[in-house]
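Enquirer: generate coordinates for the sequence data below:
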Amino acid sequence: MSKITKIVLTGGPCAGKTTALQRIEKEFTEKGYKVFIIGESATELISSGARPFGTLSIPTYQFQKGIIGYQLYKEAMYENFAAILPEETKCLLVCDRGALDNKAYIDADGFAQILKESSLKEIDLLTRYQMILHLVTAAKGAEEFYTLANNEARVEPPEVARSLDETTLNCWIGHPNLHVIANNQDFKSKMDQVIRTIHRELGAPVPVQRQRKFLINPSCIEQFLATLSSVKKMRIEQTYIESDEECCFRKMSDENASMYFEIHKRDTKDPEVRVKTMRRMKEKEYLRRTVNSEKTPILKDRYLFVYENQYFTLDVFRNLELCLLEVEPTEENDRICLPPELTVLDEVTDNPNYRNFRLFEQINQKQKEKVIL
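Expert: Numbering: from 1, shown residues only. Below is the predicted model:
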């Protein structure tokens, strides 16, 4: 069976997805990958006459339910095609929008009903792809290039495009590998950033892009979270095991379901670069690997949000008096823009004591001291 990597290219109207798809197919075919482009389902249906607007329109609920079913069918078909290729084949499946994009085009109750009737869970739709690339609409920061001319299914004026861009991005907040490709650069540089980001994802294993980490005053957290228009909360349990390299098992849960990961990290010759590999696990395997552990796991509430086109992670530890904010720059040398409502106590990017593994050790050392007392 070939090695398959499935990613989503999403974003607001007129964001550059068509050009990006052409670049991706050319670039990675030349690099020896078998590239499958899974076309945008809504555009295919609208172009074929099934429209949720105009005369004899399809009601929104039935249209969006049909798109999700069609999207999942196409993905399964291409995955089957990829699976029968020779084992040494490297396959890249690129989805022009993913199954969760539909959430931006229907109210919350309608989307929840679609999931129920289709026996689907939102968290499974969120994590069925290895990476999400959100291209920001030209209507936000590059207004002079916004046009409706290159897609007959596009009817949105700029103000609607900006709203849809934000709503679409919010659908994917919570994905562990979300990248926002903004318009703070010329169009060629924007496309180059798409290609570089995919190159990093296809590394074996994938180097962690240098993140910045800040110690935050806990007293400002509640008030800050209330200011966010969209935030995704996840509850995390993280247990480390003895290994030749840093290894942990992570459970991530939202209000509906849980997902499980095995994560490995190791240092490289460059002190600023660590190599990270992550594998999704089944619940039974996770329980089998952690049930006999005598260690106390890290417990924390994780809040994920986007601010100034940067993807932030705010961890509030439940068994430590600690709050940490992490941000991964959208470009390697970009200036970090932190929310002013957060009170930063210190930058701890280079302080190894604030790595999760060290914090895990600290928690368990405290537990041991309690037992002795």
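Enquirer: for the stretch 201-350 of the chain, just list every one of the strands.
Expert: Counting by DSSP state E, counting those that start in this stretch, the stretch 201-350 of the chain has strands at residues 206-207, 212-216, 232-241, 246-253, 258-267, 274-281, 298-307, 310-317, 323-328, 344-347.
Enquirer: contact partners of the strand or helix carrying Lys366?
Expert: Element membership for Lys366 (DSSP states H and E) is helix 356-372. Helix 356-372 is contacted from outside by 238-240, 246, 248, 295-298, 317, 319-320, 322, 352, using C-beta atoms under 8 Å, 6 or more residues apart in numbering. All C-beta spots, glycine's among them, are computed from the backbone N, C-alpha and C.
Enquirer: and which of these is nearest to Gln130?
Expert: Nearest to Gln130 out of the contacts of helix 356-372 is Cys248 (C-beta to C-beta; 19.3 Å).
Enquirer: got the contact list for the closest residue to that closest one other than its chain neighbours?
Expert: Leaving aside its sequence neighbours, Cys248 sits nearest to Tyr240 (C-beta to C-beta, 6 or more residues apart in numbering; 4.5 Å). When contacts are counted by C-beta under 8 Å, 6+ apart, Tyr240 touches Glu246, Cys247, Cys248, Lys295, Asn356, Phe357, Phe360.
Enquirer: residues near the second one, how many?
Expert: With neighbours defined by other C-beta atoms under 10 Å, the count for Cys247 comes to 17.
Enquirer: give the contact list for it.
Expert: If you count contacts by C-beta under 8 Å, 6+ apart, Cys247 has them with Tyr240, Ile241, Glu262, Ile263, His264, Lys265.
Enquirer: give the buried subset of the residues you listed as a ChimeraX selection command.
Expert: To isolate the buried members of the contacts of Cys247 in ChimeraX, using 16 or more other C-beta atoms under 10 Å:
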select :240,262,263,264,265
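Enquirer: pull the most distant pair out of the contacts of Cys247.
Expert: Across those, the longest distance by C-beta to C-beta is 12.9 Å; it joins Ile241 and Lys265.
Enquirer: tabulate the strands of the stretch 201-350 of the chain (JSON lines), appending distance to Phe53.
Expert: As requested, the strands of the stretch 201-350 of the chain are exported to JSON lines (distance: least, C-beta to C-beta, whole Å):
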{"stretch": "strand 206-207", "distance to Phe53": "41"}
{"stretch": "strand 212-216", "distance to Phe53": "44"}
{"stretch": "strand 232-241", "distance to Phe53": "30"}
{"stretch": "strand 246-253", "distance to Phe53": "38"}
{"stretch": "strand 258-267", "distance to Phe53": "36"}
{"stretch": "strand 274-281", "distance to Phe53": "38"}
{"stretch": "strand 298-307", "distance to Phe53": "29"}
{"stretch": "strand 310-317", "distance to Phe53": "33"}
{"stretch": "strand 323-328", "distance to Phe53": "38"}
{"stretch": "strand 344-347", "distance to Phe53": "47"}
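Enquirer: can you redo the ones you listed as JSON lines with mean pLDDT and distance to Gly11?
Expert: Below are these laid out as JSON lines (pLDDT from 0 to 100; distance: least, C-beta to C-beta, whole Å):
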{"stretch": "strand 206-207", "mean pLDDT": "34", "distance to Gly11": "22"}
{"stretch": "strand 212-216", "mean pLDDT": "95", "distance to Gly11": "25"}
{"stretch": "strand 232-241", "mean pLDDT": "91", "distance to Gly11": "18"}
{"stretch": "strand 246-253", "mean pLDDT": "91", "distance to Gly11": "25"}
{"stretch": "strand 258-267", "mean pLDDT": "85", "distance to Gly11": "24"}
{"stretch": "strand 274-281", "mean pLDDT": "75", "distance to Gly11": "24"}
{"stretch": "strand 298-307", "mean pLDDT": "91", "distance to Gly11": "13"}
{"stretch": "strand 310-317", "mean pLDDT": "89", "distance to Gly11": "14"}
{"stretch": "strand 323-328", "mean pLDDT": "90", "distance to Gly11": "18"}
{"stretch": "strand 344-347", "mean pLDDT": "96", "distance to Gly11": "30"}
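Enquirer: how about the ones you listed, which one is nearest Glu79?
Expert: Using C-beta to C-beta, the strands of the stretch 201-350 of the chain put strand 274-281 closest to Glu79, at 15.2 Å.
Enquirer: so what are the sheet partners of the closest one and their directions?
Expert: Sheet pairing of strand 274-281 (DSSP bridges) gives strand 206-207 (antiparallel), strand 258-267 (antiparallel).
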